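K.L.:
Need a 3D model of the following:
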Amino acid sequence: PYLANIVLAGGVLARAANDAQKERWLHPIIAGELHATVAFNEPQSRYDIASITTTATRDGDAWLLNGRKGVVLNGDSADLVIVPARTAGGTTDSDGITLFAIPADAAGVTCSAYATVDGLRAAEIELQEVRVPADHVLGAAGEGYATLDATIDDATLAVCAEAVGIMHVLKDKTVEYAKQRQQFGVPIGTFQALQHRMVDMQMACEKAQSVLIWAVMTRAEGNGDVKRAVSSIKYLVGTAGQKTGEEAVQIHGGMGVTWELDVAHLFKRLTVINHIFGNADWHLDRLAT
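P.N.:
Next comes the predicted model:
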């Protein structure tokens, strides 16, 4: 589970963990000996990662956590769950968020797992009076938002890169199918209307790849355009990417939604990507502001 284990959990640990915590959790992740995830979604958050109602209160030298996290990627397989919880501030304040590393089998942690539409796994996780030692706090208390925000940006770029790859595969498979599938005694790829639609798929792929490269370079440079770059590629994946998937299914006909073809599975994955870390409308609003 590269996204949950490496990009999300690994990203948080790389940024916020001290040397002892990295030795305890990050090194086993790198060695393939530990599964981890970040439980950042909450039922009311709607893509706002600062919207956190899960609370953490002091209890002697430890913390007591209470709350609920939703759509936790790889949640049922994770040995370690990194939980952002509120130690101060209001529900949507970026200040007052603290990151906790919690063993998945800790007392008070309840996990309800399910399959997602793209064939992967997620879970709802409930925390009831979960006692977390002080040495499980990642970074400074109340200052976890910057770490979480930067990690989500990386994760957004990661799924956008996956989506661009999916778009190219869908386009290639559709063109190949149009060369082989015959109707009225000729390959359907000779029909001008379908040629136009496949050209549109090609243009969408090229545009998405170019914007992705710009977004990744902008993120690497760390300049002030990072949010604009991330939202630009996520919006494009959510619009042109979705259109590419729809065209692939349409041109394949009824076969495009069967389990026997990769097209159906790839389209499902593309659809899920469009709705994690902010959908197209949410990122368009962020671009506008």
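K.L.:
can you pull the contacts of residue 113?
P.N.:
Shown in contact with residue 113 (C-beta atoms under 8 Å, 6 or more residues apart in numbering): 75, 76, 121, 122, 123. Any C-beta I mention is one placed from the backbone N, CA and C, and that applies to glycine too.
K.L.:
Torsion angles phi and psi at the last one?
P.N.:
It stands for residue 123. With angles defined as degrees, to the nearest 10, residue 123 sits at phi -160, psi 150.
K.L.:
can you tell me which residues contact it?
P.N.:
Residue 123 touches 72, 75, 76, 111, 112, 113, 114, counting by C-beta under 8 Å, 6+ apart.
K.L.:
swap the cut-off to 10 Å and go again
P.N.:
Contacts for residue 123 (C-beta atoms under 10 Å, 6 or more residues apart in numbering) come out as 37, 39, 69-78, 81, 104, 110-114.
K.L.:
Filter these down to the buried ones, ChimeraX style.
P.N.:
Listed next is the ChimeraX selection for buried residues among these, using 16 or more other C-beta atoms under 10 Å:
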select :37,39,69,70,71,72,73,74,75,76,77,78,81,104,111
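K.L.:
Tell me which of the contacts of residue 123 fall in strands.
P.N.:
In strands, judged by DSSP state E, the following of those are found: 37, 69, 70, 71, 72, 73, 81, 110, 111, 112, 113, 114.
K.L.:
Show me what the mean pLDDT comes to for stretch 227-236.
P.N.:
Here stretch 227-236 scores 96 as its mean pLDDT.
K.L.:
Quick check: buried residues in it?
P.N.:
Buried residues in stretch 227-236, counted by 16+ other C-beta under 10 Å: 227, 229, 230, 231, 232, 233, 234, 235, 236.
K.L.:
swap in stretch 169-186?
P.N.:
Neighbour-count burial for stretch 169-186, with 16+ other C-beta under 10 Å as criterion, is recorded at 169, 170, 171, 173, 174, 175, 177, 178.
K.L.:
okay if I get those residues as a markdown table plus distance to residue 98, pLDDT and secondary structure?
P.N.:
Output for those, formatted as a markdown table (distance: C-beta to C-beta, whole Å; pLDDT from 0 to 100; DSSP: H, G, I helix; E, B strand; the rest coil):
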| residue | distance to residue 98 | pLDDT | secondary structure |
| --- | --- | --- | --- |
| 169 | 41 | 97 | helix |
| 170 | 42 | 97 | helix |
| 171 | 44 | 97 | helix |
| 173 | 46 | 96 | helix |
| 174 | 48 | 95 | helix |
| 175 | 51 | 96 | helix |
| 177 | 51 | 94 | helix |
| 178 | 54 | 94 | helix |
